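>>> mind looking at a prediction? Sequence and model below.
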Amino acid sequence: MGRFLLVLAVFLIAHVIPAMPAVRRRLQARLGEGGVIAAYSALSLVLFAWLLREALLAPYVSLWFAGPWVFWVALILMPVALVLLGAGALAPNPLSIAFVTRPFDPRSPGAVALTRHPILWGLCLWGLAHLPANGHVVGLALFGSLGVFALIGLVVVEGRRRRVLGEETWSALAGGTSFTPFGAVLAGRARWPRDPVTLLGGAVGLLTAAALLAGGHLWLFERDPLAFL
């Protein structure tokens, strides 16, 4: 258990320090924006894989009984989370975290029309969707901390980007989107994105969800999400 908690702390710290403005400016000066994104992504994947491995090896200490209904929470929320992650990962986004450096056009915001923070919302929903079905100490620590961490990141990134861009630029870029997922679309301020990049990212997210349900989740994480329904 101690090693799992240590790796969890390393994972969280590794995502806080590089995001600090002073540290990020130094990294950008040395690596460039593309280099920072590539290094940050590689580090995140390695640490995440390590964290999941330690979670599987940690002892099981029960906290609550997970009835069949709680697994429906994950089955409903996870496709949404993966669509947001898939579409957001391919979208330029000056308003939040982005993995690509293409120019952003507010007249055609793509995945950003769904929310200003598709990647962070995807991560937040991923954590919170898994929490009810994992009623044990490791599940609470892993999914609870990562879900809350992403939720805090939403607020922090929103405020930081708004200050950096300034109110005039922020208003021009953010007018066709919303903080909450699908808020601008449901309010009529934005249209459902139909551009090929967003459709591709969303399709990859849905295919990933289908692959996980078809046996991928059992193979990767030794848990079948359909076994308890």
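Now that the structure is in, tell me what you want to look at. Numbers count the residues shown, from 1 in each chain.
>>> now do the buried residues in the helix or strand containing residue 71.
Secondary structure assignment for residue 71, by DSSP states H and E: helix 68-89. By neighbour count with 16 or more other CB atoms under 10 Å, helix 68-89 contains the buried residues 70-71, 74, 78-89. Yep, even glycine has a C-beta here, placed from its N, CA and C like the rest.
>>> among those residues, which one lies nearest to residue 157?
Nearest to residue 157 among these is residue 88, at 12.5 Å by CB to CB.
>>> what about the residue lying closest to the closest one once chain neighbours are set aside, how many neighbours?
Excluding its sequence neighbours, the residue lying closest to residue 88 (CB to CB, 6 or more residues apart in numbering) is residue 118, at 2.9 Å. For residue 118, the count of nearby residues is 31 (other CB atoms under 10 Å).
>>> one more: residue 208?
Neighbours of residue 208 (other CB under 10 Å): 17.
>>> just the C-alphas of whichever strand or helix holds it, formatted as PDB.
In this assignment (DSSP H and E), residue 208 forms part of helix 196-211. C-alpha atoms of helix 196-211 as PDB (Å, rounded to 0.1, in the frame of the first residue of the first chain):
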ATOM      1  CA  PRO A 196     -13.400  15.600 -39.500                       C
ATOM      2  CA  VAL A 197     -10.800  16.000 -36.800                       C
ATOM      3  CA  THR A 198     -13.500  16.100 -34.000                       C
ATOM      4  CA  LEU A 199     -15.500  13.300 -35.500                       C
ATOM      5  CA  LEU A 200     -12.300  11.200 -35.800                       C
ATOM      6  CA  GLY A 201     -11.300  11.900 -32.200                       C
ATOM      7  CA  GLY A 202     -14.900  11.100 -31.000                       C
ATOM      8  CA  ALA A 203     -14.900   7.900 -33.000                       C
ATOM      9  CA  VAL A 204     -11.600   6.800 -31.500                       C
ATOM     10  CA  GLY A 205     -13.100   7.400 -28.100                       C
ATOM     11  CA  LEU A 206     -16.200   5.400 -28.800                       C
ATOM     12  CA  LEU A 207     -14.200   2.500 -30.300                       C
ATOM     13  CA  THR A 208     -11.900   2.500 -27.300                       C
ATOM     14  CA  ALA A 209     -15.000   2.200 -25.000                       C
ATOM     15  CA  ALA A 210     -16.300  -0.700 -27.100                       C
ATOM     16  CA  ALA A 211     -12.900  -2.400 -27.100                       C
END
